[in-house]
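S.K.: coords please:
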Amino acid sequence: MNQTYSLTNKVAIVTGGGKGLGRTITEYLLAEGMSVAICGRTEKTITGTVDDLSERFGNRLFGAVCDVSDASETANFVQQVIRQFGSVHVLINNSGFGKETRVWETPEADWDEVMNTNVKGTFLMCKETVPAMIENREGYIINIASQAALNGYAKAGVYCASKFAMVGLGKALQEEVREYGIHVHSLNPALIQSSRQPDEAIDDGLIQNEDIAGMVVYLLQQPRRLKIDNIGLWGF
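M.R.: Next up is the predicted model:
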């Protein structure tokens, strides 16, 4: 448990990996020598990302359409990944979104959609990947949460609830998988300039995708004896 974790030839899953933050995390992991599987709801986005990044990283990238809130789709996707790459060592739960609405005005359908993606999706991906990690006696799960997991914000009630739940789920899971050498981390960034266009200027007051991706790699490369959790990140 004292050795630095080697990423070379390890397998990662990045949910929501076809665009924005997920795509940047995917690129960073591929650059470290990992094989990466990405999923998302939009076939065009996933296919385009796989085609683009495969020009640089060859057959170390796999992508498939998957709604993480659907149990059968999630199970099928993880099995595809294991058939493609042999196992799963790292899970990045990145899929998520929110609704801008006051609590008492939030439609039930909006509540269900956010909670199903952010919380149920995280649960289902952990449910399907943890057995492979237990078999390997190693693994890392990184939940991309939010400062909304630690603080309440007006017109973001369902998003806050989902991110609080995401962190709580991770803490409980950590206690269950510690004996198998599996780490569970939560990243809690403030506002991210996630959808910046290639020619768009960087807003120095906001976190960039590269900042989060770099932190993911940093966490994965720390000595396995260390447990680091609930990392807060803000624009400076």
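S.K.: pass me the low-pLDDT residue ranges in this protein, would you?
M.R.: Residue ranges of the chain with pLDDT under 70: 1-4, 197-198.
S.K.: show me the helices in it, by range?
M.R.: Under the criterion DSSP state H, the chain contains helices at 20-31, 43-57, 71-85, 108-115, 121-136, 157-177, 209-220.
S.K.: which residues sit against the first one?
M.R.: Residues from elsewhere that reach helix 20-31, judged by Cβ atoms under 8 Å, 6 or more residues apart in numbering: 7, 12, 14-17, 36, 38, 40, 49, 53, 56-57, 60-61, 90, 92, 94-95, 144, 192, 194-195, 209-210, 212-214, 216-217. In this view, the C-beta of every residue, glycine as well, is placed from N, C-alpha and C.
S.K.: go again with 6 Å.
M.R.: Residues from elsewhere that reach helix 20-31 (Cβ atoms under 6 Å, 6 or more residues apart in numbering): 12, 14, 16-17, 36, 38, 49, 57, 92, 94, 194-195, 209, 212-213, 216-217.
S.K.: so what secondary structure elements neighbour the top strand by length along the chain?
M.R.: Counting residues, the longest strand in the chain under DSSP state E turns out to be strand 182-189. Here strand 182-189 is seen to pack against strand 139-144, helix 157-177, strand 231-233 when contacts are counted using 3 or more Cβ pairs under 6 Å, 6 or more residues apart in numbering; DSSP states H and E.
S.K.: work out the sheet partners of the shortest one and label each with its direction, please.
M.R.: Taking DSSP bridges as the criterion, strand 231-233 forms sheet pairs with strand 182-189 (parallel).
S.K.: check the offset of the strand it pairs with from the chain's centre.
M.R.: Taking Cα atoms, centre = their mean, to the nearest Å, one finds strand 182-189 lying 9 Å from the centre of the chain it belongs to.
S.K.: so it versus strand 139-144, what angle?
M.R.: Angle of strand 182-189 versus strand 139-144, following axes from the mean of the first three to the mean of the last three Cα atoms, to 10 degrees, is 20 degrees.
S.K.: what angle separates strand 182-189 from helix 121-136?
M.R.: Per the same axes, to 10 degrees, the angle that strand 182-189 makes with helix 121-136 is 150 degrees.
S.K.: kindly format the C-alpha coordinates of strand 182-189 as CSV.
M.R.: Output of strand 182-189 as CSV, limited to C-alpha atoms (Å, rounded to 0.1, in the frame of the first residue of the first chain):
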residue,chain,number,x,y,z
ILE,A,182,-9.7,0.9,-3.2
HIS,A,183,-9.6,4.7,-2.8
VAL,A,184,-12.7,6.9,-3.1
HIS,A,185,-12.1,10.6,-3.6
SER,A,186,-14.4,13.6,-4.1
LEU,A,187,-13.4,16.8,-5.9
ASN,A,188,-15.5,19.8,-5.0
PRO,A,189,-14.8,22.6,-7.6
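S.K.: report the contact partners of Ile134.
M.R.: So Ile134 contacts Tyr180 (Cβ under 6 Å, 6+ apart).
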